[in-house]
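In: Sequence first, predicted coordinates after that:
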Amino acid sequence: MTTLTSLRTVLVVVPDGVDDPARPSGGNAYDRRVCRGLAAAGWAVREEPVPGSWPDADGSSHRSLAELLGAAAAGTTVLLDGLVASGAPDVLVPHASRLRLVVLVHLPLGVTSLDPSVRAGERAVLSAATAVLTTSRWTRRWLLESCGLPAGRVHVAEPGVDPAPLSTGSRSGGRLLCVAAVTPLKGHDVLLEALAEVRDLPWTCDCVGSLDRDPAFVERLRRRAGSLSVADRVRLLGARTGPRLDARYRSADALVLPSRFETYGMVLTEALARGLPVLATSVGGLPETLGVLPDGCRAGLLFPPEDPAALAVALRRWLVEDDLRSALRAAARRRRTGLAGWEATTRSVARVLGEVAA
């Protein structure tokens, strides 16, 4: 007989290092908050990190995942981080008939990979899963269109955000902040080129994010900053979490996110929660995350990806147009009041897990 307890039990499979403070990411933060939220809501949560550099993990990592799933009782509800699941179709698909697999997709591999085998493997995993969770409406639409998944099996649980005090900032707006791991995907090279175009104006830019994901890219950035004569105004500070990250948000005037791609962009809502306007690329889920207020206003400026000139125009407008700056700050404070917390995220995830378990 199926009991209430068994219906509220979930095995959560996450990448190894999900709690590593030196490698913070939106996906890791999301996994952590959902696990805590489910436990607080009465779920029995068994969390299992799987070693390996997912999604490109080696054979030993796949064997570890296979052993973990093989030891799970038939009918177990398993919530898998998509970084692990999408890279292991050889493990996941054979277990789909005996386990209730729910794949949480932060970033579809098919968006960033041109390898047909990678895309095919991800499609196989998502097609075999009992349900798929996405962190944005944009990602859900992309999966439905590109993978041909049944609409009723793909759900959205947008990230929440914690309430935060308003940032103090400065009157001039020149304290710029970029919060992202320093990798090509996040577009720091585009940011440098754009900042060089406005070096006649007063500004500083703090880049907060891991520096060890792509050391060669970081070194190229440092050399380029020197050749563009902005090295003394652009600081690569490395990863920051907790109070150290809060302090950067608190003193900033605006968040700049020049990513080549994002499915949601949790740093946008972290900035908006502090009343910070956002300058971000118009890619993926970022426009939806930034949102539109009832009067049609946005709490920031959007610009095309991989376009330093467009970003430079946005930066110059922000720095020199006092009325625009005031309007965006007011819009950010209004957008702040409509942001959802992590309780809403947990409810969305729990609803899907409950339906799958039942």
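Out: Received the coordinates, thanks.
In: From here on, just use CA atoms for contacts and neighbour counts.
Out: Will do.
In: can you count the residues close to residue 198?
Out: Residues near residue 198, counting by other Cα atoms under 10 Å, number 15.
In: And residue 337, by the same measure?
Out: If we define neighbours as other Cα under 10 Å, then residue 337 has 12 of them.
In: who's in contact with it?
Out: Going by Cα atoms under 8 Å, 6 or more residues apart in numbering, residue 337 touches residue 273.
In: Now do it against residue 165, distance only.
Out: Using Cα to Cα, to the nearest Å, residue 337 is found at 12 Å from residue 165.
In: Find the residues that touch each one of those two.
Out: residue 273.
In: Hmm, residue 164 is touching residue 273, no?
Out: Yes: if you go by Cα atoms under 8 Å, residue 164 and residue 273 touch, sitting 5.8 Å apart.
In: who's more crowded, the two?
Out: residue 273 (26 against 16).
In: Contacts only, for the residue lying closest to that one once chain neighbours are set aside.
Out: Leaving aside its chain neighbours, residue 273 sits nearest to residue 336 (4.9 Å; criterion: Cα to Cα, 6 or more residues apart in numbering). Residue 336 is in contact with 272, 273, 274, 275, counting by Cα under 8 Å, 6+ apart.
In: can you check residue 284 too?
Out: Taking Cα under 8 Å, 6+ apart as the test, what residue 284 contacts is 138, 139, 261, 262, 263, 264.
In: try 6 Å this time
Out: 262, 263 (Cα atoms under 6 Å, 6 or more residues apart in numbering).
In: secondary structure class for it?
Out: Three-state call for residue 284 (DSSP: H, G, I helix; E, B strand; the rest coil): coil.
In: How much space separates it from residue 193?
Out: 22 Å.
In: Likewise for residue 169?
Out: Counting by Cα to Cα - residue 169 and residue 193 are separated by 24 Å.
In: now swap in residue 233 and tell me
Out: Counting by Cα to Cα - residue 233 and residue 193 are separated by 13 Å.
In: quick one, which of the two is more surrounded?
Out: residue 193 (19 against 15).
In: so what's that one closest to, chain neighbours aside?
Out: residue 308 (5.8 Å).
In: Let me see the contact set for that neighbour.
Out: Contacts of residue 308 (Cα under 6 Å, 6+ apart): 190, 193, 194.
In: Now flag whichever of those residues is closest to residue 27.
Out: residue 190 (23.5 Å; Cα to Cα).
In: Is the closest one within a helix or a strand, and which one?
Out: For residue 190, the host element (DSSP states H and E) is helix 188-197.
In: Packing partners of that helix?
Out: The contact analysis (3 or more Cα pairs under 6 Å, 6 or more residues apart in numbering; DSSP states H and E) places helix 188-197 against helix 308-320.
In: pLDDT on the helix it packs on, on average?
Out: The average pLDDT within helix 308-320 is 98.
In: who's in contact with residue 173?
Out: Contacts of residue 173 by Cα under 6 Å, 6+ apart are residue 253.
In: Now do it against residue 190, distance only.
Out: From residue 173 to residue 190 the distance is 20 Å (Cα to Cα).
In: Equivalent analysis for residue 298, please.
Out: Taking Cα to Cα, one finds residue 298 at 23 Å from residue 190.
In: Distance of the residue nearest to residue 273 relative to residue 253?
Out: In terms of Cα to Cα, residue 336 sits 15 Å off from residue 253.
In: now do residue 69
Out: 47 Å.
In: which of these two has more neighbours?
Out: residue 253 (26 against 20).
In: What pLDDT is listed against the nearest residue to the more buried one once chain neighbours are set aside?
Out: Nearest residue to residue 253 in three dimensions, chain neighbours excluded: residue 169, at 4.7 Å (Cα to Cα, 6+ apart). For residue 169, the model assigns a pLDDT of 87.
In: you'd agree residue 169 is up against residue 251?
Out: Yes: if you go by Cα atoms under 6 Å, residue 169 and residue 251 touch, sitting 4.8 Å apart.
In: Please say which of those two ends up with more neighbours.
Out: residue 169 (19 against 16).
In: quick one, what contacts that one?
Out: 251, 252, 253.
In: Turn the residues you listed into JSON lines, including distance to residue 313 and pLDDT.
Out: As requested, the contacts of residue 169 are exported to JSON lines (distance: Cα to Cα, whole Å; pLDDT from 0 to 100):
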{"residue": "251", "distance to residue 313": "23", "pLDDT": "96"}
{"residue": "252", "distance to residue 313": "20", "pLDDT": "98"}
{"residue": "253", "distance to residue 313": "17", "pLDDT": "98"}
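In: Could you export these as CSV, including distance to residue 13 and secondary structure?
Out: Below are those laid out as CSV (distance: Cα to Cα, whole Å; DSSP: H, G, I helix; E, B strand; the rest coil):
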residue, distance to residue 13, secondary structure
251, 37, helix
252, 36, coil
253, 38, coil
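In: Right, I'll call it a day here.
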